[in-house]
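Q: here's my sequence, what's the structure:
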Amino acid sequence: MSQNETQHSQDASFTQNQAEAGAEALAEASALEARDPALTLKPGRLAGSAQCLNCGTSLAGPFCHYCGQPDRNFMRFFPALLREFMEEFLDLDSRFMRTMKPLLFKPGRLTRDYLDGRRFRYTPPLRLYIFASIGFFLLAATLSTNAINVGMNVDPATGEPNINISTYGANQPLDETQQEEVRAALERAGIEDSGEIVERLSAAPPMGESKDSELDAFTADQIMVNDKPWDKETNPLEIPFMPAFVNRWINNEIEQSPAKARSINENPNIIVDQIFDILPATMFVLLPVVALLFKFWYAFAKRYYIEHLIYALHNHSFIFVCAIMILLFNLLRIWADTGWLADTMVWAINLTAVWIPVYLLISLRRVYQQGWFLTTAKFSLIGLSYVTLLTFVTSVVAILGFLLL
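A: Presented below is the predicted three-dimensional model:
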């Protein structure tokens, strides 16, 4: 073969390889265009490295297939990094919002997609549960305390009633002079039932004043153990299966119980705050037990335990989100007091409360794919088991809250 023929053959081979590479690039570009943009990263976020900066593996996308490191360069101008951080935050938020639609309005869809492998577009079940539970407990704890109180007083300059927001204790009751001033101001403003409003504002006792004088005389020896008055030395409470240090701790708590009862009577928020400190962790620990309930009632469904746990995480997340909505609706109802907004909030609260059991029933049907009769029967049995378990756990939490004061 002559030199020209050899060169021509090499050129043809190079051209063919170049054409094949171009065709592959075009096919890859078409595949990227056809791909769901919600499941990929924007090209502007990529560093554009040929090899992974961590392990040196050749890259074919935004992540290294060997070590998992993303192909991103953080050594850049700080405002650009800050902008990228905000974009990521908004992306996480949009991912969360994509999760909210099936979570709230498509019973069982989120669990079915997750079990079928369609996971990237949704917030992971554990993260979703933690977010929803923390949001609910923070909101409930805030609304259940008197950290912020709304009351009414009279402007001394105009004599008109004002809304008073205080950040201490409970609203103090009005004295007789204040009652007359508030009543007169309400009547001038044309507000009906001024007497009833003044009576409500004057009913609450001052913070720190005992509401029940019988508690002042309550002592630990009024607690009976084995039909005898309790005594730390002569007649303590001894639980046979408990170690000695636990029994000592219980008896120490019994000794302090009268003082704790008086403190709770003076400020009920003490026990409420303590319960809200314990309840989130307790509910989290309860989740594996709830998954065991599903495993028991669907013992012949040939499903792994983790599938039941994912379903329990999604359902609890749904309940917490609905509980947050109910608290917010009720807050708006109280703020509106009367009118179309208050009526709308009442309807919203009722619809949300009705939707919770309906949603749980439909989700059970769609996830486990059994007939309606069998699903309804198991839904009733699981609900009864869950309510019994929740009642027991709530009682334990209340007792622990009292003991840990």
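
Q: list the contacts for the residue lying closest to residue 53 once chain neighbours are set aside?
A: Excluding the flanking residues, the one nearest residue 53 by CB to CB, 6 or more residues apart in numbering is residue 69, at 7.1 Å. Every C-beta, even on glycine, is put in place using the N, C-alpha and C of the backbone. Applying CB atoms under 8 Å, 6 or more residues apart in numbering, we find residue 69 in contact with 52, 53, 54, 55, 63.

Q: now do the SS call for the third one.
A: Applying DSSP: H, G, I helix; E, B strand; the rest coil to residue 54 yields a three-state assignment of coil.

Q: you'd agree it is up against residue 63?
A: No: in this structure, residue 54 is not within contact of residue 63 by CB atoms under 8 Å, at 10.9 Å.

Q: between these two, who's got more neighbours?
A: Relative neighbour count places residue 63 above the other of residue 54 and residue 63, with 16 against 13, counting by other CB atoms under 10 Å.

Q: now that one, nearest residue through space, not along the chain?
A: Excluding the flanking residues, the one nearest residue 63 by CB to CB, 6+ apart is residue 70, at 5.4 Å.

Q: quick check: pLDDT value at residue 175.
A: With respect to pLDDT, residue 175 has a value of 61.

Q: picking up where we left off before, pretty sure the residue nearest to residue 63 sits against residue 62.
A: Yes: counting by CB under 8 Å, residue 62 is a contact partner of residue 70 at 6.0 Å.

Q: how much space separates the residue nearest to residue 63 from residue 50?
A: In this view, residue 70 and residue 50 are 15 Å apart by CB to CB, to the nearest Å.

Q: neighbour count: these two, which is higher?
A: residue 70 (15 against 7).

Q: got the phi and psi for the more buried one?
A: phi -70, psi 150 (degrees, to the nearest 10).

Q: what pLDDT does it get?
A: 82.

Q: try residue 261
A: pLDDT, read off for residue 261, is 68.

Q: wait, residue 63 sits on residue 55?
A: No: between residue 63 and residue 55 there is no contact under CB under 8 Å: 12.0 Å.

Q: take stretch 316-330, keep the C-alpha atoms, and write them as PDB.
A: What follows is stretch 316-330, C-alpha atoms only, in PDB (Å, rounded to 0.1, in the frame of the first residue of the first chain):
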ATOM      1  CA  HIS A 316     -47.100  10.600  60.600                       C
ATOM      2  CA  SER A 317     -45.600  13.400  58.500                       C
ATOM      3  CA  PHE A 318     -49.100  13.900  56.900                       C
ATOM      4  CA  ILE A 319     -50.700  14.000  60.400                       C
ATOM      5  CA  PHE A 320     -48.200  16.600  61.700                       C
ATOM      6  CA  VAL A 321     -48.600  18.800  58.600                       C
ATOM      7  CA  CYS A 322     -52.400  18.700  59.000                       C
ATOM      8  CA  ALA A 323     -52.100  19.400  62.700                       C
ATOM      9  CA  ILE A 324     -50.000  22.500  61.800                       C
ATOM     10  CA  MET A 325     -52.600  23.600  59.400                       C
ATOM     11  CA  ILE A 326     -55.400  23.200  62.000                       C
ATOM     12  CA  LEU A 327     -53.400  25.200  64.600                       C
ATOM     13  CA  LEU A 328     -52.900  28.000  62.000                       C
ATOM     14  CA  PHE A 329     -56.500  27.900  60.900                       C
ATOM     15  CA  ASN A 330     -57.600  28.200  64.500                       C
END
